[in-house]
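Undergrad: Only the shape, not the letters, is given here:
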Ligand code: NAD
């Protein structure tokens with residue numbers, strides 16, 4: 001597992017508990033050391049679970065893997081793709097369950113399209129500190145071959161994830177899944193990042209509801225131009241329903257900005273702008289949201305840096 005933050009640790013930890021041989025690879029030394037010395041603790045409402053996946057900062061410690069799962073933020077996908085390439089045994093696959101659009105293509109450019117499996121997950125996790133994460137929400141995981149088709153390896157990976165506690169289905173309509181999740185992030189993430197609102201509060205103001213609907217409308221037009229059929233009938237209603245269901249959440253983009261980190265904007269609203277330009281669909285609202293988030297990234301990073 002490349003990128004052992006909240007999600008990578010959750011999946012890696014539970015796969016290890018299910019008896020799989022798991023290595024976590026992360027650049028964060030303190031976290032890797034904590035896992036090596038004390039194990040990885042997964043905090044759940046019922047109990048704290050301690051598991052012992054192997055962990056390293058040096059991918060060359062590992063040898064070859066039959067499955068590489070990429071769970072870095074999208075800003076680090078290109079780097080993770082090179083790490084993945086160094087780990088792949090014959091016939092090995094690379095799975096991305098990251099948010100946003102473009103991660104699978106970035107991986108494919110380095111490891112080859114035939115290796116890449118892409119999906120979405122409704123699992124949620126939060127990093128609590130070195131060696132400690134919290135398992136938040138649970139839900140289904142969908143995976144599909146980037147090149148299409150229902151292959152035996154897809155079924156095998158789905159079964160392995162399901163056994164580890166992540167109910168997973170292999171799916172042929174992977175573009176629909178990825179765009180379906182992307183559009184939810186398009187509606188919620190940048191707007192919460194800019195306004196500082198919690199997800200549910202976006203519905204409290206006519207103005208935020210309007211920007212949300214405009215941004216989502218552009219993304220839907222781009223998806224249609226790409227020939228993608230979305231997995232729900234009314235995208236704006238769907239985004240508002242997800243915002244209501246996660247009303248107390250501070251989105252990952254809001255949290256990244258608050259901590260002076262780069263956000264996944266280029267893979268979310270920025271991806272809508274890029275794909276819109278490629279397909280001849282105007283996306284001025286998504287472009288504006290992308291530029292504002294990029295400005296905020298610089299403003300917050302300057303504040304974080306010592307004077
Ligand atoms: P995170 O920031 O908690 O973890 C990312 C980890 O990657 C960090 O530990 C970081 O040190 C590590 N990393 C960065 N560069 C690296 C590199 N070059 N090599 C190895 N490790 C590197 O992020 P997260 O919340 O786990 O999210 C990961 C992905 O999953 C994102 O795309 C996110 O949008 C998506 N996602 C998150 C959730 C969630 O609930 N957290 C849910 C669904 C999808």
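TA: Perfect, thanks for sending it. Owing to the predicted nature of the structure, the values given are computational and were not obtained by experimental measurement. Residues are numbered from 1 along each chain as shown.

Undergrad: CA only for contacts and neighbour counts going forward, please
TA: OK.

Undergrad: so where's the stretch 51-200 of the chain uncertain?
TA: Nowhere does the stretch 51-200 of the chain drop to pLDDT under 70.

Undergrad: Alongside the ligand, which residues does it contribute?
TA: Where the stretch 51-200 of the chain comes near the ligand, counting by Cα under 6 Å from any ligand atom, the residues are 71-74, 76, 79-80, 98-99, 121, 123-127.

Undergrad: Out of the residues you listed, which sit inside strands?
TA: Among those, the ones falling in strands (DSSP state E) are 121, 125, 126, 127.

Undergrad: Tell me the buried residues within the residues of the stretch 51-200 of the chain next to the ligand.
TA: Neighbour-count burial (16 or more other Cα atoms under 10 Å) applied to these gives 71, 72, 73, 74, 80, 98, 99, 121, 123, 125, 126, 127.

Undergrad: burial count for residue 249?
TA: Applying other Cα atoms under 10 Å, we find 17 other residues in the vicinity of residue 249.

Undergrad: Retrieve the pLDDT associated with it.
TA: Looking at residue 249, its pLDDT is 94.

Undergrad: And residue 3, by the same measure?
TA: Reported pLDDT at residue 3 in the predicted model: 98.

Undergrad: Just list the residues touching the closest residue to it other than its chain neighbours, thanks.
TA: Nearest in space to residue 3, with sequence neighbours left out and distances taken as Cα to Cα, 6 or more residues apart in numbering, is residue 72 at 4.3 Å. Going by Cα atoms under 8 Å, 6 or more residues apart in numbering, residue 72 touches 2, 3, 4, 5, 8, 80, 98.

Undergrad: Any idea how far the strand or helix carrying residue 276 is from the middle of the chain?
TA: Residue 276 belongs to helix 269-279 when assigned by DSSP states H and E. Mean-position distance between helix 269-279 and its chain equals 19 Å (Cα atoms, centre = their mean, to the nearest Å).

Undergrad: buried stuff in that helix?
TA: For helix 269-279, by 16+ other Cα under 10 Å, it's 269, 270, 271, 272, 273, 274, 275, 276.

Undergrad: Now residue 58. Nearest residue, chain neighbours left out?
TA: Nearest non-adjacent residue to residue 58 (Cα to Cα, 6+ apart): residue 25, at 7.0 Å.

Undergrad: quick one on the thing from earlier: give me the average confidence score over the helix or strand following the helix holding residue 276.
TA: Downstream of helix 269-279, the next assigned helix or strand under DSSP H and E is helix 284-304. Throughout helix 284-304, pLDDT has a mean value of 96.

Undergrad: Show me what helix 284-304 is packed against.
TA: With contacts defined as 3 or more Cα pairs under 8 Å, 6 or more residues apart in numbering; DSSP states H and E, the packing partners of helix 284-304 are helix 174-195, helix 206-225, helix 252-258, helix 269-279.
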